Structure formats: structure tokens, C-alpha cells
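Colleague: pasting the structure only:
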């Protein structure tokens, strides 16, 4: 039976997805700027860049099924993906460190976490993740990569020493060029197993047993 806490998370997620349905104009504005120069994170400071509900439920279930506790997320945006992580972490007694480059997005995400009543399981780091996670030295059970794509590889390499035999790395937007290049590098290391999901939009990286 779903708990009151889980019901609250689901309610906030529903509100955010309803808002995101009407947000295509902000995404289009950000994409339009790339016609004249490379895209930048600030181009999407007002845009919802969220995972699908199906992805989110899959992430929650991954956490529950594998008793995942120590979670690091790169790219919180307005907090939709983080709320799905919290939905799973509330069941396992887990904790989430999430990162967001843009201050205004991070503050909106924090508001959403407060509304959902999950602030006790989420720590938000604001700024460049290569700096805010630079001194991370705790085991990582699940690393979620869903931020700026050309940072996937340096961030993975920076945090790799914190991986263990049961670590999962969840890679979103796997069909994008920068992410494919990242996955090609990881695939050359025989210790990792890459498993495409959601028609190739996501790749789950596991350490071979």
C-alpha cells in the first residue's frame, strides 16, 4: 500500500509534469539560440528538461530492487528526476546528493522538495558539478548522469574511484552525439557492461561481476 509520503511525492510530480506540458516554448527558445552559436546551459534556465514518467518509475524501482542507498545525481533541473530518486530512497533509507549548475533552477527544485517533504533525504549542491563533487569520497551505489552532456566523461572519471562491485551508472540522453562518444570510451573498458534501455534513450552501466 502506498504511504502518505509517497502520495505526496506523486502529487508534486503530477503538478510538475502538467506544468512541463506547456513548457515547449522555453525549450524551443533555447534550441533556437544554437543556430548562431553552441548551446549553453543558461539557454535552458527556464525550461523543463525532465525524464519521462516511465524512466522515473524505472529509476525508483531500480533503487528499491537493489537496496540502493548512496545516490549522486548530475543535473537536477527543477527536481523531477530527483523526486523519483527520493521515491525509491525513502523505501531503502537512502540519501541523494544532487547537483544543479543554475541557481534559479536549484532554488525551484528545493521548493519542490520541500513541498514533497523529502528534504531530509536530499542534499543540493549548486554550481559546476566538477567543483561541487570534486572532493566526494563516499561509496556511490547509483550515479545518474543527466546534466550537460560533454561533462559526462570527466565527471565519470572523477567519481570512478567511489564505484564498487554493485554500482549502477544511469546515463540519460544516450542517443546524443556527446553521450555516444562518452559511451564508446566506457565500452572499451572490459570491466563495464552497458545495457541499453527505453529504446536506446538510456544506457545502464554496471560493473561486470
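Modeller: Okay, I see it. Because the structure is predicted, anything quoted here is derived from the model rather than measured. Residues are numbered from 1 along each chain as shown.

Colleague: Tell me where this structure has helices.
Modeller: Ranges of helices within the chain are 4-21, 24-33, 53-65, 80-92, 103-116, 129-132, 152-159, 177-187, based on DSSP state H.

Colleague: among these, which is nearest residue 204?
Modeller: When the helices of the chain are compared for distance to residue 204 using C-beta to C-beta, the nearest one is helix 53-65, at 7.9 Å. C-beta coordinates here come from the backbone N, C-alpha and C atoms, glycine included.

Colleague: and the closest one, what other elements does it pack with?
Modeller: helix 4-21, helix 80-92, strand 142-145, strand 168-171 (3 or more C-beta pairs under 8 Å, 6 or more residues apart in numbering; DSSP states H and E).

Colleague: Which of the helices of the chain comes out lowest on mean pLDDT?
Modeller: Comparing mean pLDDT over the helices of the chain, the weakest stretch is helix 24-33, at a mean of 52.

Colleague: How about residue 52, nearest residue that isn't a chain neighbour?
Modeller: The shortest distance from residue 52 to any residue that is not its chain neighbour, by C-beta to C-beta, 6 or more residues apart in numbering, is 7.6 Å, and that residue is residue 198.

Colleague: Relative to residue 146, how far out is that neighbour?
Modeller: Relative to residue 146, residue 198 is positioned 13 Å away (C-beta to C-beta, to the nearest Å).

Colleague: roughly how far apart are residue 142 and residue 103?
Modeller: Per C-beta to C-beta, residue 142 is found 25 Å from residue 103.
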